[in-house]
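Peer 1: Model the following, please.
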Amino acid sequence: MTVRIGITCNRVGYENRLSLAYVRAVAAAGAAPLLLPVCRQKGLYRQMLKAVDALLLSGGGDLDAYHFGEEAAPTQGVVQPDRDSMELALVRAALQSKMPLLGICRGAQVLAVAAGGSLYQDLTGRAKVQHQQQAPRNYPIHSVSVSRASLLYRITGARSFRVNSFHHQAIRMPGDGMIVSAVAADGVIEAVELPGPGFALGVQWHPEWLAQDCRHAAAIFAAFSQAAECYRRRKRR
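Peer 2: Okay, here's the model as predicted:
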């Protein structure tokens with residue numbers, strides 16, 4: 001049976017939307033993508049997780065500063081309270097059950113905040129490299145340096161590679177027990193993870209747009225799919 005990876009959606013008005021790039025990247029890694037719509041019914045959250053073997057937190061808008069103990073800055077963009085609440089609850093439940101987790105862009109920030117971390121609400125005046133590129137989405141715009149003592153390094157086998165970038169917020173402090181596994185040249189955190197035998201990784205870039213042409217991006221989805229398979233086998237015991 002093919003492993004099922006749940007992917008959180010973005011709410012736009014009365015619609016739930018998700019870029020096809022996520023679906024294609026997950027499917028190319030041999031897994032079945034299952035879309036998880038934003039909803040208010042908290043009783044459904046655990047049912048959602050029971051239906052999947054791994055959780056992928058997709059990108060999107062800003063996470064409300066309330067969730068990491070700050071007042072919203074004037075630069076805070078549009079927030080989605082229902083999505084914030086749902087994703088934070090899903091992450092905490094997934095961490096408790098040791099379910100594989102992959103956070104992308106906003107998803108990496110949600111992962112960090114769910115574990116007790118905090119964010120920079122805006123990188124304006126702080127960033128020294130371009131974090132909101134105007135180039136095509138599948139074009140890598142800046143490099144990241146990867147810690148050798150990290151899951152990300154074990155997955156990619158590289159100490160440095162180039163990534164795309166579409167964010168004005170960033171992780172300030174990783175969550176409890178988290179390590180920083182990659183940084184940009186200006187010191188902005190580009191990846192975090194929870195060390196140990198499981199798979200809990202957040203990347204600030206968008207590997208789903210790079211997976212077709214970049215081996216480092218494809219390797220992330222392949223490793224995530226493999227972790228989901230291991231988790232599925234454990235569930236069946």
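Peer 1: Give me the residues contacting the helix or strand containing residue 103.
Peer 2: Assigned by DSSP states H and E, residue 103 falls within strand 101-104. Residues outside strand 101-104 that contact it (C-beta atoms under 8 Å, 6 or more residues apart in numbering): 22, 54-59, 91, 94-95, 109-111, 199-203, 205-208, 220, 224. From N, CA and C alone the C-beta is placed, and that goes for glycine too.
Peer 1: Direction included, what does it pair up with?
Peer 2: strand 54-57 (parallel), strand 200-203 (parallel) (DSSP bridges).
Peer 1: Any figure for the gap between residue 91 and residue 174?
Peer 2: 14 Å (C-beta to C-beta, to the nearest Å).
Peer 1: Could you identify the helix or strand that succeeds the lowest-mean-pLDDT helix or strand in the chain?
Peer 2: Least confident element among the helices and strands of the chain, by mean pLDDT, DSSP states H and E: strand 10-12 (a mean of 89). Using DSSP H and E, the helix or strand that follows strand 10-12 in sequence is strand 15-17.
Peer 1: got the CA coordinates for the helix or strand where residue 27 lies in CSV?
Peer 2: Remark: residue 27 resides in helix 20-28, with elements defined by DSSP H and E. The C-alpha trace of helix 20-28 is given here as CSV (Å, rounded to 0.1, in the frame of the first residue of the first chain):
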residue,chain,number,x,y,z
LEU,A,20,0.2,21.6,-7.6
ALA,A,21,3.9,21.6,-7.0
TYR,A,22,3.5,20.0,-3.6
VAL,A,23,1.3,17.2,-5.1
ARG,A,24,3.8,16.5,-7.9
ALA,A,25,6.8,16.5,-5.5
VAL,A,26,5.1,14.1,-3.1
ALA,A,27,3.9,11.8,-5.9
ALA,A,28,7.3,11.8,-7.5
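Peer 1: Which strand residues bridge the spatially most central residue of the chain?
Peer 2: Centroid check for the chain by C-alpha atoms, centre = their mean gives residue 103 as the closest residue, at 1.2 Å. Residue 103 forms beta bridges with residue 57, residue 202, as assigned by DSSP bridges.
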